[in-house]
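# Structure, please.
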Amino acid sequence: MICCDAPVPRRLLTTVLVAIVAGIVAALGVLMAAAPVHAAAKPRGVPTCAPITVEDSSKAAMAVFSGTVTEVEKQPRTDGAPGAIYLQTVTVDLVYRGQISTETVQVQTDRNRAECSLGALAVDTEYMFFVTGTGEPWVALGSSGTRVANDKVVEQVSGLLGQGQPPIQPTPEQAVFTPVDTSEPQSLSRAAAPGAALVLVGLLGLLVVGAVRRRL
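From the prediction side, this is the model:
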């Protein structure tokens with residue numbers, strides 16, 4: 001029989017402590033895995049919404065175009081929801097769908113902590129926009145699929161909607177026409193008259209010179 005006052009072996013104590021620490025680490029891991037995705041910090045201009053394919057984004061969009069954000073203006077919300085409205089000025093590169101005929105357009109996004117939203121987009125960054133609305137401004141919802149443009153996204157959009165066109169078509173070069181003389185051509189006798197007159201003058205000159213020499 002082991003006395004209750006006997007000291008606990010050091011090896012057993014170490015094993016117990018290691019087991020406790022391992023249990024705490026495992027519990028923390030489970031809690032972190034269960035945390036919602038949107039709890040992580042969102043990089044500016046990158047949506048934390050559920051991913052949507054380029055094909056689905058294209059089907060739902062009224063206009064699809066690529067462009068670079070040049071300016072962002074923060075505006076207060078008027079619908080009573082928390083957050084803000086952002087109005088982006090975008091220089092359009094290529095239009096894949098929609099009626100866009102200006103070099104710059106405005107795209108509205110929002111930041112709403114209660115719902116999926118894009119927030120403010122990053123200045124000097126090129127995006128592929130999938131938007132709805134009338135164009136005054138265009139609206140990019142959090143679920144629209146608007147994202148930073150890269151080679152893969154451009155290739156997918158081009159495969160679905162074509163190569164895209166600039167918003168303003170280049171002005172075609174104007175043909176330059178040279179005026180052509182349409183008057184009636186001169187007759188052969190009129191054209192040859194100046195030359196014949198010079199020949200006669202030359203012959204008369206020779207005759208005069210010959211006559212002078214004979215007299216001398």
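# Could you use CA atoms for every contact and neighbour count after this?
OK.
# Low-confidence ranges, this protein, go.
Applying pLDDT under 70 to the chain picks out residues 1-48, 171-177, 180-216.
# residues in contact with stretch 151-171?
With CA atoms under 8 Å, 6 or more residues apart in numbering as the test, stretch 151-171 has contacts from 54-55, 58, 92-97, 100-103, 128.
# can you tell me which of those residues are in strands?
Mapping the contacts of stretch 151-171 onto strands (DSSP state E) picks out 92, 93, 94, 95, 96, 97, 128.
# Let me see the ranges of the helices in the protein.
With DSSP state H, the ranges of helices along the chain come out as 10-34, 54-60, 151-161, 188-215.
# still on that earlier bit, which one of the contacts of stretch 151-171 is nearest residue 71?
For those, the minimum distance to residue 71 (CA to CA) is 13.0 Å, reached by residue 92.
# Please give me every residue in contact with the closest one.
Counting by CA under 8 Å, 6+ apart, the residues that residue 92 touches are 65, 66, 67, 68, 102, 103, 104, 105, 166, 167.
# Tell me what it is bridged to.
Here residue 92 shows beta-bridge partners residue 67, assigned using DSSP bridges.
# Can you give me the separation between it and residue 63?
Separation of residue 92 from residue 63 (CA to CA, to the nearest Å): 12 Å.
# before we move on, what about residue 84?
Note on residue 84: its distance to residue 63, by CA to CA, is 24 Å.
# the more surrounded of these two?
Each of residue 84 and residue 63 has its neighbours counted (other CA atoms under 10 Å); residue 63 has more, 22 against 17.
# Excluding covalently adjacent residues, which one is nearest to the more buried one?
residue 98 (4.2 Å; CA to CA, 6 or more residues apart in numbering).
# Now the phi/psi pair for that neighbour, please.
Dihedral pair for residue 98: phi 110, psi 160, per degrees, to the nearest 10.
# now it: how far from residue 150?
Separation of residue 98 from residue 150 (CA to CA) stands at 21 Å.
# Compare the two (neighbour count), which wins?
When neighbours are counted by other CA under 10 Å, residue 98 and residue 150 differ, and residue 98 comes out ahead with 14 against 11.
# Kindly provide the distance from that one to residue 114.
Distance from residue 98 to residue 114, counting by CA to CA: 30 Å.
# With residue 91 instead?
Distance, residue 91 to residue 114, using CA to CA: 30 Å.
# These two: which has the busier surroundings?
Legend: neighbour count by other CA under 10 Å for residue 91 and residue 114, higher for residue 91 (20 against 9).
# For that one, give me its contacts.
67, 68, 69, 70, 103, 104, 105.
# please redo it, this time with the cut-off set to 10 Å
Residues near residue 91 by CA atoms under 10 Å, 6 or more residues apart in numbering: 66-71, 102-106, 124, 126, 167.
# need these in a markdown table with neighbour count and distance to residue 135, can you?
Listed next are the contacts of residue 91 as a markdown table, based on neighbours: other CA atoms under 10 Å; distance: CA to CA, whole Å:
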| residue | neighbour count | distance to residue 135 |
| --- | --- | --- |
| 66 | 24 | 15 |
| 67 | 23 | 14 |
| 68 | 23 | 16 |
| 69 | 22 | 16 |
| 70 | 16 | 17 |
| 71 | 15 | 17 |
| 102 | 11 | 11 |
| 103 | 14 | 13 |
| 104 | 17 | 11 |
| 105 | 18 | 8 |
| 106 | 20 | 7 |
| 124 | 13 | 21 |
| 126 | 21 | 19 |
| 167 | 19 | 13 |
